[in-house]
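In: sequence plus the predicted model coming up.
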Amino acid sequence: MSRFVGPTLVASQTGAKTPDWLRLAIAAVSGAALSLSFTGLYLSLYSWICVAALLLAVIGGSTRVAFAGGFLHALLFVVTSVPWIATVLSVHGGLPVAGGWGVLLLIAAAWGVLVGGFTLTVHRISRRSIELASIAAPFVWVTFEFVRAHLPEISFPWNLLGYPASANLGLLQIAALTGIYGLSFLAAGFNALLGWVVASKRMELKHRVGIAAMVTAILVVATLVGPRLVPQARAQHFARAVQLNFPEVPEYPTDWFAKNVQQLDEVSKMSLASSKEKPDLLVWPEAPAPFSFEDSQFAKLASSLAVRFGHPFLAGVIEWKTPGDLSDKVPPGRLVPYNSAILVDAQGQRVFVYDKIHLVPFGEYEPFPLIHRVVANISDEVGGFHTGHQYAVGRLPDGHTFGVFICYEAIYPGEVRRFAANGAELLLNISNDGWFGHSAAAEQHLHMVRVRAVENRRWIVRSTNSGYTVSVDPYGRIIEPLPPDVRAQTDLPYDFRSDMTIYTRF
């Protein structure tokens with residue numbers, strides 16, 4: 001007779017056994033349900049219960065079912081929470097629809113192996129003790145999330161379990177101590193508690209329910225009271241952020257600037273429009289346009305804007321230069337492209353450049369050189385950019401320092417942290433989320449950016465091509481967001497901080 005009981009573990013006094021197909025179905029459905037915390041209404045409730053359902057589905061089953069349950073959970077979660085990956089690859093990446101979904105399924109499979117490793121580990125520990133397995137579960141979950149963020153070539157720490165909890169301003173402050181992984185640990189721990197309440201028999205059910213009710217009450221009080229205790233951040237500066245809203249195109253004609261004179265005049269006027277806020281920094285996003293300071297047309301435009309604005313101008317560009325790393329096997333003297341951010345000072349001179357370090361696999365580079373021929377045969381639009389190698393920190397005229405992270409880099413907490421650790425007192429995020437279309441991706445991206453602000457206690461000024469352009473204060477409040485898919489400008493509050501959080505330091 002099994003010692004495990006519960007709605008998903010129907011082995012009980014009667015000796016009935018839960019069929020494998022039901023366990024696997026529950027695991028799969030729990031993965032699809034978890035995606036509801038990352039799409040649509042973004043209801044965080046599912047992130048607090050769906051992993052518990054997964055645990056209950058695999059504990060008490062066979063080793064094979066334990067791994068397969070975790071795999072199916074992740075597979076369904078990926079295809080329901082980030083289906084936009086397939087769309088982006090087919091619409092903008094030049095892949096056929098089947099190819100886009102093929103890449104998405106490869107990502108889901110890699111994710112599935114990790115979650116399968118989690119369920120398999122907890123399953124094996126549960127054979128000794130449900131209590132021990134429940135204690136171990138949040139540690140194991142966060143370990144596999146950390147692994148996912150550091151996989152070579154295919155790392156993808158998107159939609160971690162802790163992000164729905166970060167929607168609560170009070171709980172979000174945990175990130176200053178632990179980073180996003182602390183919030184994931186909290187959510188995974190609560191899920192494990194629910195699993196223990198159902199599956200354990202070491203304590204009477206009423207006592208187990210009582211403990212869970214007490215923990216739930218504490219959590220509810222924290223979510224209600226916590227936001228009221230978060231300090232208000234004061235800003236002494238404003239940045240003019242321009243949401244260019246340029247259309248996504250597969251390639252740029254040689255006469256792009258001549259064809260887009262009217263658009264460039266419009267965004268230039270927006271950049272220089274008078275304002276009572278008196279902004280002292282101009283920020284343009286990573287844009288789908290052939291902006292390069294090596295191109296005299298853009299260099300003249302950028303220098304003129306900075307001089308007329310009277311303050312520094314930061315913009316996303318393509319830098320063409322010789323590789324800075326000998327590992328880049330490029331013929332001597334050949335110039336290669338980098339996805340970069342440059343700062344032009346009020347005298348019109350380029351005074352700072354940051355080259356994007358974490359490129360988008362299959363979008364900005366080919367993740368596995370061995371599959372070069374396969375990728376090249378499917379699409380000529382994949383790859384091309386070279387990797388930056390320095391977490392550069394720039395300096396503004398008043399002596400304050402800043403760091404820039406570009407688009408995809410926002411999902412990597414350890415990498416954004418390096419800018420603050422290197423002395424950046426302000427963080428700037430430029431992005432082009434237009435590739436995501438009208439999917440949930442742009443909002444998911446924003447939710448991750450706000451956690452980076454709290455992890456490092458820094459203001460973040462975020463300028464995007466088509467949304468969401470916002471300011472985020474050091475406590476995670478989103479300020480003055482521009483609506484998506486419009487061409488507009490806004491003056492975003494910001495300030496400088498030099499203190500370091502425990503997360504930034506350690």
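Out: Done, it's in.

In: so what's the residue count around residue 91?
Out: A count of nearby residues for residue 91, using other C-beta atoms under 10 Å, gives 16. Glycine gets a C-beta too; all of them are placed from N, C-alpha and C.

In: before we move on, what about the one 4 residues further on?
Out: Using other C-beta under 10 Å, residue 95 has 22 neighbouring residues.

In: okay, now the unreliable bits of this protein?
Out: Applying pLDDT under 70 to the chain picks out residues 1-16, 92-94, 324-332, 362-383.

In: what about residue 506, neighbour count?
Out: By other C-beta under 10 Å, 10 other residues sit near residue 506.

In: and residue 432, by the same measure?
Out: By other C-beta under 10 Å, 21 other residues sit near residue 432.

In: who are the contact partners of it?
Out: Listed by C-beta atoms under 8 Å, 6 or more residues apart in numbering, the contact set of residue 432 reads 285-288, 316, 407, 464-466.

In: same check on residue 400?
Out: With C-beta under 8 Å, 6+ apart as the criterion, the residues that contact residue 400 are 425-426, 496.

In: hmm, 6 Å instead?
Out: When contacts are counted by C-beta atoms under 6 Å, 6 or more residues apart in numbering, residue 400 touches 425, 496.

In: can you list the domains in this protein?
Out: 20-229, 237-504 (the TED database).

In: need the max-distance pair from the contacts of residue 432.
Out: Largest separation among these by C-beta to C-beta: 316 and 466, giving 13.2 Å.

In: before we move on, back to that, out of the contacts of residue 432, who's nearest residue 134?
Out: For the contacts of residue 432, with residue 134 as the reference and C-beta to C-beta as the criterion, the closest is residue 407, at 38.6 Å.

In: who touches the helix or strand hosting residue 317?
Out: With elements taken from DSSP states H and E, the one containing residue 317 is strand 313-321. Applying C-beta under 6 Å, 6+ apart, the external contacts of strand 313-321 come out as 282-287, 291-294, 305-306, 335, 337-338, 340-344, 430.

In: which residues sit in contact with the most centrally placed residue in the chain?
Out: Within the chain, the residue whose C-alpha comes closest to the C-alpha centroid is residue 411; the distance, by C-alpha atoms, centre = their mean, is 2.9 Å. For residue 411, the contacting residues are 157-158, 448, by C-beta under 6 Å, 6+ apart.

In: skip ahead from the longest helix along the chain and say which helix or strand is next.
Out: Selection of the longest helix in the chain by residue count, based on DSSP state H, yields helix 97-126. As assigned by DSSP H and E, the chain's next helix or strand after helix 97-126 is helix 130-149.

In: tell me which other helices or strands whichever helix or strand comes after that following helix touches.
Out: The helix or strand immediately downstream of helix 130-149 is helix 169-172, counting by DSSP H and E. Contacting helix 169-172 under the criterion 3 or more C-beta pairs under 6 Å, 6 or more residues apart in numbering; DSSP states H and E are the following elements: helix 205-229.

In: next, the angle from the helix or strand following the helix it packs on to strand 313-321.
Out: Going down the chain from helix 205-229, the next helix or strand is strand 237-243, by DSSP H and E. With axes from the mean of the first three to the mean of the last three C-alpha atoms, to 10 degrees defining the directions, strand 237-243 sits at 60 degrees from strand 313-321.

In: about what we covered before: nearest to residue 19 among the contacts of residue 432?
Out: Each of those was checked against residue 19 using C-beta to C-beta; the closest is residue 407, at 45.8 Å.

In: pretty sure residue 498 sits in a strand.
Out: No. Residue 498: not assigned to a strand; according to DSSP: H, G, I helix; E, B strand; the rest coil it is coil.

In: and for it, the neighbour number?
Out: Using other C-beta under 10 Å: residue 498 sits among 12 other residues.

In: element containing the closest residue to it other than its chain neighbours, please.
Out: Counting by C-beta to C-beta, 6 or more residues apart in numbering, residue 425 is the residue found nearest to residue 498 once chain neighbours are left out, at 5.3 Å. When elements are assigned from DSSP H and E, residue 425 belongs to no helix and no strand.

In: can you pull the contacts of residue 425?
Out: If you count contacts by C-beta under 6 Å, 6+ apart, residue 425 has them with 400-401, 496-498.

In: so how far is residue 456 from it?
Out: 10 Å (C-beta to C-beta, to the nearest Å).

In: show me the strands in the protein, by range?
Out: With DSSP state E as the criterion, the chain has strands at 237-243, 281-283, 313-321, 336-344, 350-355, 393-395, 401-406, 427-431, 460-464, 470-472, 478-479, 488-494.

In: for the last one, which helices and strands make contact with it?
Out: Right, the one you point to is strand 488-494. Contacting strand 488-494 under the criterion 3+ C-beta pairs under 6 Å, 6+ apart are the following elements: strand 237-243, strand 470-472.

In: and the angle for it with strand 460-464?
Out: Inter-element angle recorded for strand 488-494 and strand 460-464: 170 degrees (by the same axes, to 10 degrees).

In: the inter-axis angle of strand 488-494 versus strand 427-431?
Out: When the same axes, to 10 degrees is applied, the directions of strand 488-494 and strand 427-431 differ by 160 degrees.

In: next, the buried residues of strand 488-494.
Out: Buried residues in strand 488-494, counted by 16 or more other C-beta atoms under 10 Å: 489-494.

In: just to revisit the earlier point, only the buried residues of the longest helix of the chain, if you could.
Out: Of the residues in helix 97-126, those buried by neighbour count under the rule 16+ other C-beta under 10 Å are 99-101, 103-105, 107-108, 110-112, 114-123, 125-126.

In: which secondary structure elements does it sit against?
Out: Of the remaining helices and strands, those touching helix 97-126 by 3+ C-beta pairs under 6 Å, 6+ apart are helix 63-81, helix 84-91, helix 130-149.

In: again, only this time at 7 Å
Out: Using 3 or more C-beta pairs under 7 Å, 6 or more residues apart in numbering; DSSP states H and E as the contact criterion, the elements in contact with helix 97-126 are helix 45-58, helix 63-81, helix 84-91, helix 130-149.

In: tell me which of those helices is the most buried.
Out: By mean neighbour count, with neighbours taken as mean count of other C-beta atoms under 10 Å, helix 45-58 ranks first of these at a mean of 25.

In: show residues contacting it.
Out: Residues external to helix 45-58 that are found in contact with it (C-beta atoms under 7 Å, 6 or more residues apart in numbering): 6, 8-9, 23, 26-27, 30, 33-34, 36-37, 65-66, 69-70, 73, 119, 122-123, 137, 161, 164-165, 187-188, 190-192, 194-195, 198-199.
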